[in-house]
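Enquirer: What follows is a predicted protein model with its sequence.
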Amino acid sequence: MPRHPHPAAGRGDRDPPGHPARRRPHGRVLRGRRRRLLVGHATRHPVPPERKKNMKIAILGTGKVGSALGSRLAAAGHHVTYGSRTRAGEPGIAGQREAVASADVVITAIPGTAVLSTLEEIGEEVLGDKIVLDPSAAFTPQMTMAYPGDSVARQLQARFPRARVVKALNTMNVTIMVDPLASLPHATVFISGDDRAAKTEVTALLNDLGWSGDGIFDLGGVDTALATEHVAPLFFATVRVLGSPKFNISLSR
């Protein structure tokens with residue numbers, strides 16, 4: 001079966017020159033007659049100046065998604081360790097349990113169908129109340145939705161209630177994840193999660209990956225991850241038409 005581009009496989013808030021913005025307290029920006037709702041760290045999840053800059057991040061998975069996220073986050077000053085079942089002992093790579101044990105944030109850069117079992121093997125006592133950033137997408141071998149009517153993120157939060165699960169970066173190709181504005185005039189990343197503080201930290205990490213404040217859209221609780229995980233069929237249909245995964249599903253308001 002041919003490999004499909006996986007939909008899951010900082011700049012500050014600034015208005016472009018020539019587009020002065022008038023901000024209102026409720027978070028909208030007026031540009032002429034068009035309006036766009038600002039969310040993310042601009043309104044709902046402001047990143048405090050005293051935020052810990054260098055976080056310990058465990059990335060489960062050493063494929064394209066994990067490698068790209070790790071390289072960009074390490075370049076931003078974070079301490080990144082990869083967790084792998086098969087490559088532990090190589091430079092920068094530890095066993096999965098070891099990598100998670102010493103981390104502040106865990107990123108599940110593995111297939112969505114493997115996320116729950118992988119974290120179960122690592123253990124609830126190791127995962128504790130860490131932030132789990134889940135960019136995964138879950139498919140069957142036939143490339144249909146593995147969990148119709150459900151999401152990986154919701155299952156994770158239910159199975160590990162102490163963990164602070166945040167769904168993000170699962171509606172795009174990896175090239176957009178780590179450099180969203182390199183070739184796109186505007187891009188949107190959706191986040192879902194129950195823990196406000198965890199979403200603030202994830203927002204800051206998204207800034208480090210190049211996402212601007214007005215492109216980070218908070219959908220609400222972890223139950224809303226169902227919506228973004230089920231965008232996958234639209235993503236793949238668009239890839240087939242465009243012949244390229246270098247696009248973004250964006251919100252315009």
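Expert: Received the coordinates, thanks. Numbers count the residues shown, from 1 in each chain.
Enquirer: can you give me the helices for the stretch 101-250 of the chain?
Expert: 112-122, 124-127, 152-159, 174-177, 196-208, 225-229, 232-242 (DSSP state H, counting those that start in this stretch).
Enquirer: Run the chain-centre distance for the fourth one.
Expert: It refers to helix 174-177. 10 Å (Cα atoms, centre = their mean, to the nearest Å).
Enquirer: Next: the longest one.
Expert: With Cα atoms, centre = their mean as the basis, the distance from the averaged C-alpha position of helix 196-208 to the chain average is 10 Å.
Enquirer: do the second one as well
Expert: Using Cα atoms, centre = their mean, we find the averaged C-alpha position of helix 124-127 to lie 21 Å away from the chain's own average C-alpha position.
Enquirer: Run through the neighbouring helices and strands of it.
Expert: Counting contacts by 3 or more Cβ pairs under 8 Å, 6 or more residues apart in numbering; DSSP states H and E, helix 124-127 packs against helix 96-101. Yep, even glycine has a C-beta here, placed from its N, CA and C like the rest.
Enquirer: Could you give the average pLDDT over the helix it packs on?
Expert: For helix 96-101, mean pLDDT is 98.
Enquirer: Also stretch 158-174?
Expert: pLDDT averaged over stretch 158-174 gives 98.
Enquirer: Between the two ends of that stretch, what distance do you get?
Expert: 27 Å (Cα to Cα, to the nearest Å).
Enquirer: circling back to that earlier point, would you turn the helices of the stretch 101-250 of the chain into JSON lines with distance to Ala137 and mean neighbour count?
Expert: Shown next, in JSON lines, are these (distance: least, Cβ to Cβ, whole Å; neighbours: other Cβ atoms under 10 Å):
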{"stretch": "helix 112-122", "distance to Ala137": "5", "mean neighbour count": "17"}
{"stretch": "helix 124-127", "distance to Ala137": "21", "mean neighbour count": "15"}
{"stretch": "helix 152-159", "distance to Ala137": "8", "mean neighbour count": "22"}
{"stretch": "helix 174-177", "distance to Ala137": "12", "mean neighbour count": "24"}
{"stretch": "helix 196-208", "distance to Ala137": "17", "mean neighbour count": "21"}
{"stretch": "helix 225-229", "distance to Ala137": "6", "mean neighbour count": "23"}
{"stretch": "helix 232-242", "distance to Ala137": "5", "mean neighbour count": "14"}
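Enquirer: could those helices be laid out in TSV, adding distance to Pro141?
Expert: Output for the helices of the stretch 101-250 of the chain, formatted as TSV (distance: least, Cβ to Cβ, whole Å):
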stretch	distance to Pro141
helix 112-122	10
helix 124-127	28
helix 152-159	17
helix 174-177	21
helix 196-208	31
helix 225-229	18
helix 232-242	15
